[in-house]
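Asks: Sharing a model that was predicted from the sequence below.
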Amino acid sequence: MPETMPLASGTKLGPYEIQSPLGAGGMGEVYRARDTRLERTVAIKILPQQLSNDPLRKQRFEREAKTISNLNHPHICVLHDVQVWLHDLSQETLTRFTFEGNRTLNSVWTPDGKRIAFNSNKEGPPQSIFWQLADGSGGPERLTGGQYARVPMSWSPDGRWLAYISNESGRYEVYVQPYPGPGGKSQISTEGGMEPAWNSNGRELFYRSGDKMMAVEIATQPSFTAGKPRMLFEGRYVPSPATAPNWFEELKRRVPTGKNP
């Protein structure tokens with residue numbers, strides 16, 4: 001068993017009480033726990049902080065959740081919940097932050113530390129971007145809507161502009177929009193884009209397009225303008241180690257969806 005599994009027996013995660021570690025790997029840590037509300041045994045999977053800023057790993061995490069939620073078999077676990085939790089490093093405690101919807105991911109702190117943006121299906125699909133005060137007060141406020149998924153990724157250093165990715169063009173591209181407004185969205189990438197991150201000077205945005213690392217010059221005054229994307233370098237990108245190739249597809253092939261046999 002890996003020695004890095006941090007949650008001790010008896011740790012409380014909302015209504016869930018950790019009983020023992022089950023395993024850890026490239027995509028997270030899994031624990032046996034007890035649901036104290038419904039008196040049932042559950043498995044809890046936690047995406048470590050060092051992986052939570054990687055959109056490909058988060059997409060894989062969400063794809064796994066969607067796959068499991070569509071399976072109905074006595075030997076396959078049932079998916080109950082995907083939520084955002086806050087880890088207090090000084091006190092080594094975990095506190096549940098989101099409570100609505102059953103698929104809430106991709107949390108991004110604002111630079112001033114006062115709010116957290118995330119995407120959620122709490123108002124139905126597709127997943128939209130919400131934000132909420134970091135102390136949990138006030139409830140979530142919706143920032144985006146529409147028929148396409150939007151995933152928050154990176155706030156500008158001044159906290160005025162949010163870089164996010166969306167599949168509204170048929171593939172994921174990088175967009176920037178002011179929050180709170182006024183102002184509409186601006187498309188940044190032109191040939192697909194993931195993992196946008198602001199330069200600390202606020203005048204440049206980096207993102208990945210396949211194996212290419214791209215950069216775009218940004219100006220926010222007197223109005224928002226974005227330059228032409230330019231490639232910084234190109235090299236093989238390896239998102240994460242895999243325990244087995246194409247295991248989602250193999251799982252769906254072997255275990256039919258629908259009613260239990």
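Replies: Nice, thanks for sending it over. As the structure is a prediction and not an experimental result, all values here were calculated from the model. Residues are numbered from 1 along each chain as shown.
Asks: wouldn't Val151 be in contact with Ala117 here?
Replies: No - judged on Cβ atoms under 8 Å, Val151 makes no contact with Ala117 at a distance of 10.0 Å. C-beta here means a position set from N, CA and C on the backbone, and glycine is covered the same way.
Asks: Looking at these two, which one has more neighbours?
Replies: The neighbour comparison of Val151 against Ala117 (other Cβ atoms under 10 Å) goes to Ala117, with 25 against 22.
Asks: Mind giving me the packing neighbours of the helix or strand encompassing that one?
Replies: Ala117 is part of strand 115-120 when elements are defined by DSSP states H and E. Applying 3 or more Cβ pairs under 8 Å, 6 or more residues apart in numbering; DSSP states H and E, we find strand 115-120 packed against strand 104-109, strand 128-133, strand 150-155.
Asks: of all those strands, which lies closest to Gly181?
Replies: strand 128-133 (13.2 Å; Cβ to Cβ).
Asks: With only the CA atoms kept, save that closest one in CSV.
Replies: C-alpha atoms of strand 128-133 as CSV (Å, rounded to 0.1, in the frame of the first residue of the first chain):
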residue,chain,number,x,y,z
SER,A,128,-22.0,25.5,-16.4
ILE,A,129,-19.5,27.7,-14.5
PHE,A,130,-20.5,28.9,-11.0
TRP,A,131,-18.6,30.8,-8.3
GLN,A,132,-19.0,31.1,-4.6
LEU,A,133,-17.5,32.8,-1.7
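Asks: returning to what we had before: would you turn the helices and strands packed on strand 115-120 into JSON lines with mean pLDDT and distance to Pro21?
Replies: Shown next, in JSON lines, are these (pLDDT from 0 to 100; distance: least, Cβ to Cβ, whole Å):
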{"stretch": "strand 104-109", "mean pLDDT": "78", "distance to Pro21": "23"}
{"stretch": "strand 128-133", "mean pLDDT": "88", "distance to Pro21": "30"}
{"stretch": "strand 150-155", "mean pLDDT": "90", "distance to Pro21": "30"}
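Asks: now these as JSON lines including distance to Ala197?
Replies: Formatted as JSON lines, the helices and strands packed on strand 115-120 follow (distance: least, Cβ to Cβ, whole Å):
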{"stretch": "strand 104-109", "distance to Ala197": "11"}
{"stretch": "strand 128-133", "distance to Ala197": "17"}
{"stretch": "strand 150-155", "distance to Ala197": "5"}
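Asks: Out of those, which is the most enclosed?
Replies: Ranked by mean neighbour count, these are led by strand 150-155 with a mean of 23 (mean count of other Cβ atoms under 10 Å).
Asks: Now do the next helix or strand after that strand, average pLDDT.
Replies: Moving toward the C-terminus from strand 150-155, the next helix or strand (DSSP H and E) is strand 161-166. The predicted model gives strand 161-166 an average pLDDT of 94.
Asks: Which neighbours do Val151 and Ala117 have in common?
Replies: Jointly contacting Val151 and Ala117 under the rule Cβ atoms under 8 Å, 6 or more residues apart in numbering are Ile129.
Asks: picking up where we left off before, the helices and strands packed on strand 115-120: which one's closest to Pro180?
Replies: Closest among the helices and strands packed on strand 115-120, using Cβ to Cβ: strand 128-133, at 9.5 Å.
Asks: now for that closest one, which elements pack on it?
Replies: With contacts defined as 3+ Cβ pairs under 8 Å, 6+ apart, strand 128-133 has these neighbours: strand 115-120, strand 141-142, strand 150-155.
Asks: Go again with 10 Å.
Replies: When contacts are defined as 3 or more Cβ pairs under 10 Å, 6 or more residues apart in numbering; DSSP states H and E, strand 128-133 sits against strand 104-109, strand 115-120, strand 141-142, strand 150-155, strand 161-166.
Asks: now Gly145, what's its secondary structure?
Replies: coil (DSSP: H, G, I helix; E, B strand; the rest coil).
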